[in-house]
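Visitor: Next comes the sequence, and after it the predicted model I'd like to discuss.
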Amino acid sequence: FTTPATHAILNPPSQAHVRRTREAAFGRKLEEIAPTGAAAEEEWAKVKSGLEIVAGWQDKRKNDGLFFLGKEPVFVDFAVALFLMFMKKIWREDSSYWRDISSWSGGRWGTLLKALEKYETAL
């Protein structure tokens, strides 16, 4: 899912590199890499399942905050957010992919990114 979408947002020299290296790695054209039809539905279900596993780890902590260790973010919160930000960036906020992700686990992933927005910009 991510390779073609990543390619689309890169500058031309980076696009050429990604196309060359990913087509060599996958053995097919970039446009043919993303799954379609039933295969896409199956792979998308795996993405959701993976994020539900992460949500389960957080739920086991039984704390009263949004973050893994409570009310303040720690490294793992930023690591998960980085993955989510990447997906939001390549697919755009109004895409069906991002709408799915941000709604999964009771809206946890969209809420997490919103809570960490204040850390997105360095001084």
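Guide: Okay, I see it. Residues are numbered from 1 along each chain as shown.

Visitor: how about stretch 93-103: buried residues?
Guide: Neighbour counts over stretch 93-103 (16 or more other CB atoms under 10 Å) mark Tyr97, Trp98, Ile101, Ser102 as buried. C-betas here are computed from N, CA, C, even on glycine.

Visitor: mind giving me the domain split of the protein?
Guide: Annotated domains of the chain cover 1-34, 36-123 [automatic domain parsing].

Visitor: Same list, the ones you listed, but as JSON lines with mean pLDDT please.
Guide: Output for the domains of the chain, formatted as JSON lines (pLDDT from 0 to 100):
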{"stretch": "domain 1-34", "mean pLDDT": "95"}
{"stretch": "domain 36-123", "mean pLDDT": "93"}
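
Visitor: need the longest helix for the chain.
Guide: In the chain, ranked by residue count with DSSP state H as the criterion, the top helix is helix 37-61.

Visitor: what does that one contact?
Guide: Outside helix 37-61, the residues within contact range by CB atoms under 8 Å, 6 or more residues apart in numbering are Phe1, Ala34, Pro35, Phe68, Leu69, Val80, Asp100, Ile101, Trp104, Ser105, Arg108, Trp109.

Visitor: Straight-line length of stretch 112-120, end to end?
Guide: Start-to-end span of stretch 112-120 (CA to CA, to the nearest Å) is 13 Å.

Visitor: Only the buried residues of it, if you could.
Guide: Leu112, Leu113, Leu116.

Visitor: Of those residues, which belong to helices?
Guide: Using DSSP H, the buried residues of stretch 112-120 in helices are Leu112, Leu113, Leu116.

Visitor: Distance-wise, check the last one relative to Gly50.
Guide: With the distance defined as CB to CB, to the nearest Å, Leu116 ends up 20 Å from Gly50.
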